[in-house]
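[1] Starting from these lines, generate the structure:
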Amino acid sequence: QVQLVESGGGLVQAGGSLRLSCAGSGRTFRRYVMGWFRQAPGKEREFVAAITWSGGSIDYADSVRGRFTISRDTAKNMVYLQLNSLKPEDTAVYYCAAGTGWTILAGEYDYWGQGTQVTVSS
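    Numbering: from 1, shown residues only. The predicted structure follows:
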């Protein structure tokens, strides 16, 4: 069993930055692929970024590539998402998720956090 808790969301002006954190628990946490997803009101949950347990493979959605950076600290059971050059369209609830396969599909992830709100004002 894996439990995930996100933090770090908030209100920021366009062009600003935030750092989201995801604290994981469970003996097997370090073996999971970790993903970040987001869901805006009235829209489906969408992939943002993913990282393997070793950090050897990383992927980003085209909409955030070059602005967001995913990283993980396996010793601390933490995953991070650095959000730079934020835009109003980045406003959403951001979720971290853990899964066993390398995928951008939300349905393939097994464990989810409760989400943290990111609001970007124009």
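[2] Excluding sequence neighbours, find me the nearest residue to Ser7.
    Of all residues beyond its chain neighbours, the one nearest Ser7 is Ser21 (5.1 Å), with distances taken as C-beta to C-beta, 6 or more residues apart in numbering. The C-beta positions use only the backbone N, C-alpha and C, and glycine is treated the same way.
[3] what does Asn77 give?
    Counting by C-beta to C-beta, 6+ apart, Gly24 is the residue found nearest to Asn77 once chain neighbours are left out, at 4.5 Å.
[4] count of neighbours near that neighbour?
    Neighbour count for Gly24, taken as other C-beta atoms under 10 Å: 23.
[5] And the residue most central in space within the chain, how close does it get to Glu46?
    With distances taken as C-alpha atoms, centre = their mean, Trp36 lies nearest the centre of the chain, 2.4 Å away. To Glu46, Trp36 is 10 Å away according to C-beta to C-beta, to the nearest Å.
[6] now do Arg67
    From Arg67 over to Glu46 (counting by C-beta to C-beta), the distance is 15 Å.
[7] follow-up on the earlier one: pretty sure the residue nearest to Ser7 contacts Leu83?
    No - under the criterion of C-beta atoms under 8 Å, Ser21 is not in contact with Leu83, lying 11.7 Å apart.
[8] wait, Arg30 sits on Thr74?
    Yes - the pair Arg30 and Thr74 passes the contact test of C-beta under 8 Å, sitting 4.7 Å apart.
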